[in-house]
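**Q** A predicted structure for the sequence below; I have some questions about it.
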Amino acid sequence: MTKRPNLKYLSGAVALGGSLVLATALGVPTSSAAQSTSTVTYNVSPIAKLAVRTQGPTGSSWPYTPSQCVAKFGLACYTPSELRKGYNVPASATGAGQTIVIVDAYGSPTIRQDLAVYDSEFGLPAPPAFNIIYPMGSPVYNPLQTHNETSWAEETSLDVEQAHGLAPAATIDLVVAPNNYGSTLNNAVQYAVSNHLGNTLSMSYGAPEAAFSGNNDQVSQAEATFKQGIGEHMSFFASSGDSGATEGESVPSALFPASSPYVTSVGGTNLFLANNGAYQSETTWNDAEPGECPFGCDYGPFGATGGAPSVLYSAPSYQQGVTGYTARTTSDVSFNASVYTATMIYLGFLGSANGFYFFGGTSEGAPSWSAITSLVNQAAGHALGAMNPRLYALYGTSAYSKDFHDITQGNNAFNGPGFNAGPGYDIPTGLGTPNVANLIKSLAGH
């Protein structure tokens, strides 16, 4: 079970007026057993470390290369342009004409201002539209509440800024649920689907399937909505988890909604880029694996990618003959997730601790793949809909090695058993990470 520690200041690492600030990883229910007879709640806590600046300066540009960040802070820092170059996103792929839907609970009181600071820092245009939608009423932000509203605000910033950085010309619809009950978040997704707000939808939250024992209504509610959305050519993405294969359980446990056959489950990697953003290599994200935690692992282990066989679903047709399992398995694909190879995100609701933070976790991957799919939809001129059948159809063809970076090193054993990465499909990283230009050619036909 992943729990979020309080934000706290650590000594000995000051940068540009900032302080070293600690947070931690994608959340799971606070007690699986206790909540099995009622609605399951989702408690996110995205991985973040080190406020580089207490305030984001207007009109400036990011001052560090990845290697300079490693030398100064012990973590690499990747800008939107570096991530786009690393994953080979064509300059013409901007998400123009597309809408990315992001679902979160509670939201953030400063997300509009934070996105503006992020855009100014990295030279990005504002999105053509940024809509914040409260289908069940607007909650009042209260960080002193017991249900991790600060974590959800951090998650909101990560989701919105990351998606915009990869698809800067796409509209963003942020749909905010008034609380973190699973049924309420399901209703928020249902609103997005029923009103077809966009063609891609990101959910950076999850709970171990064991949490739903005796509560199949919540799963059924979500499944009906996913099925409806797939019928309307929508694509769904969810994080596979940040606590290894077990996600706090005693045995390997897939997270839901990532385990739904209608959802593309996104695992995590350590991504190594050159200073100019050129792709170098990737390994499975697992900070607890000796020799795999990057750059000397100065701050210790933050987490590891999820991924496990499902106990709710048998293998869907697109996974049969690929995974070696009779059950549905997560992950399906992956994206950079290590806080040691971080994406930079601005938080503006922490008072004196406001600043740019090194972020990681598979909750980086769900909005990233949602944005990437919007780029494919832009090139295709129409919505592709369910992505898993299309992505797995590339496996075993000559296109696979061109469209994906196959992650073959590492595992996701973190505080318990796990699974090894290897050639081709594997549970920790799925089919691999995207070579976006080539994926566009394969999936969009040009």
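**A** Okay, I see it. Please read all numbers here as calculations on a predicted model, not as lab measurements.

**Q** what helices or strands is the longest helix that the chain contains leaning on?
**A** Looking across the chain with DSSP state H, the single longest helix is helix 149-166. Contacts defined by 3 or more CB pairs under 8 Å, 6 or more residues apart in numbering; DSSP states H and E place helix 149-166 against helix 80-86, strand 99-105, helix 111-122, strand 171-177, strand 341-347, helix 365-380. (Each C-beta comes from the backbone N, C-alpha and C, glycine too.)

**Q** now the helix or strand following the fifth one, how far from the centre of its chain.
**A** By that I understand strand 341-347. The first helix or strand that comes after strand 341-347 along the chain, using DSSP states H and E, is strand 355-360. Averaging C-alpha positions (CA atoms, centre = their mean, to the nearest Å) puts strand 355-360 14 Å from its chain's average.

**Q** how many degrees apart are strand 355-360 and strand 341-347 in direction?
**A** Relative orientation of strand 355-360 versus strand 341-347 (axes from the mean of the first three to the mean of the last three CA atoms, to 10 degrees): 140 degrees.

**Q** Neighbouring strands of strand 355-360 in the sheet, and parallel or not?
**A** When pairing is defined by DSSP bridges, strand 355-360 lines up against strand 47-49 (antiparallel), strand 341-347 (antiparallel).

**Q** Report the spatially closest residue to Gly445, excluding sequence-adjacent ones.
**A** Ala380 (6.7 Å; CB to CB, 6 or more residues apart in numbering).

**Q** hey, where'd the strands end up in the stretch 201-350 of the chain?
**A** Under the criterion DSSP state E, counting those that start in this stretch, the stretch 201-350 of the chain contains strands at 207-208, 235-239, 255-256, 263-273, 279-284, 308-314, 327-330, 333-336, 341-347.

**Q** hmm, back to that, correct me, but the residue nearest to Gly445 touches Leu443?
**A** Yes: Ala380 lies in contact with Leu443 (CB atoms under 8 Å); the separation is 7.0 Å.

**Q** chain center to stretch 131-150: distance?
**A** For stretch 131-150, the distance to the chain centre is 20 Å (CA atoms, centre = their mean).

**Q** Show me the contact partners of it.
**A** Contact with stretch 131-150 is made by 4, 7, 27, 41, 43-45, 106-109, 111-112, 153, 171-180, 184, 187-188, 191, 197, 349-350, as judged by CB atoms under 8 Å, 6 or more residues apart in numbering.

**Q** Those residues, buried ones only, as a PyMOL selection?
**A** The PyMOL command for the buried members of those (criterion: 16 or more other CB atoms under 10 Å) is given here:
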select buried, resi 4+7+27+41+43+44+45+106+107+108+109+111+153+171+172+173+174+175+176+177+178+179+180+184+187+188+191+197+349+350
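
**Q** Return the residues in contact with Gln44.
**A** You called it Gln, but residue 44 is Val. Counted by CB under 8 Å, 6+ apart, Val44 has contacts 26-27, 104-105, 148, 151-152, 154-155, 180, 204-205, 363.

**Q** Now the buried members of those residues.
**A** Buried among the contacts of Val44 (16+ other CB under 10 Å): 26-27, 104-105, 148, 151-152, 154-155, 180, 204-205, 363.

**Q** Name the nearest of those relative to Arg328.
**A** Closest to Arg328 out of the buried ones among the contacts of Val44 is Tyr205 (18.7 Å), distances taken as CB to CB.

**Q** Chain neighbours aside, what residue packs nearest to the closest one?
**A** Nearest residue to Tyr205, sequence neighbours excluded (CB to CB, 6+ apart): Tyr42, at 4.1 Å.

**Q** Count the residues that sit near that neighbour.
**A** If you count neighbours by other CB atoms under 10 Å, Tyr42 ends up with 28.

**Q** just for the stretch 51-200 of the chain, where's the confidence low?
**A** 54-60, 146-147 (pLDDT under 70).

**Q** got the end-to-end distance for stretch 168-180?
**A** End-to-end distance of stretch 168-180 (CA to CA, to the nearest Å): 28 Å.

**Q** Give me the distance between that stretch and the centre of its chain.
**A** On CA atoms, centre = their mean, the centre of stretch 168-180 falls 14 Å from the chain's centre.

**Q** residues contacting the residue lying closest to Gly244 once chain neighbours are set aside?
**A** Counting by CB to CB, 6+ apart, Phe414 is the residue found nearest to Gly244 once chain neighbours are left out, at 2.7 Å. Contact partners of Phe414, counting by CB under 8 Å, 6+ apart, are Ser243, Gly244, Ala245, Thr246, Asn286, Asp287, Ala288, Pro301, Gly303, Ala304.

**Q** ok, Phe414 to Ser92 distance?
**A** 39 Å (CB to CB, to the nearest Å).

**Q** thought Ala311 was touching Thr326?
**A** Careful, residue 311 is Val and not Ala. No: counting by CB under 8 Å, Val311 sits too far from Thr326 to count as a contact (11.7 Å).

**Q** With neighbour numbers in mind, choose between the two.
**A** The residue with more neighbours, out of Val311 and Thr326, is Val311; 17 against 11, by other CB under 10 Å.

**Q** Strand 341-347 and the longest helix of the chain, what's the angle between them?
**A** 110 degrees.

**Q** and helix 149-166 with helix 111-122, angle?
**A** Interaxial angle of helix 149-166 relative to helix 111-122 (the same axes, to 10 degrees): 40 degrees.

**Q** chain center to helix 149-166: distance?
**A** 9 Å.

**Q** Next: stretch 196-214.
**A** Using CA atoms, centre = their mean, the distance from the centre of stretch 196-214 to the centre of the chain it belongs to is 12 Å.

**Q** which one is Asn180 nearest to, not counting chain neighbours?
**A** Ala105 (4.1 Å).

**Q** same question, His382
**A** His233 is the one closest to His382 (CB to CB, 6+ apart), at 7.6 Å.

**Q** you'd agree that neighbour is up against Leu384?
**A** Yes: with contact defined as CB under 8 Å, His233 counts as touching Leu384 (7.1 Å).

**Q** circling back to that earlier point, now render the contacts of Phe414 as TSV, adding neighbour count.
**A** Formatted as TSV, the contacts of Phe414 follow (neighbours: other CB atoms under 10 Å):
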residue	neighbour count
Ser243	26
Gly244	32
Ala245	30
Thr246	23
Asn286	27
Asp287	22
Ala288	19
Pro301	15
Gly303	28
Ala304	35
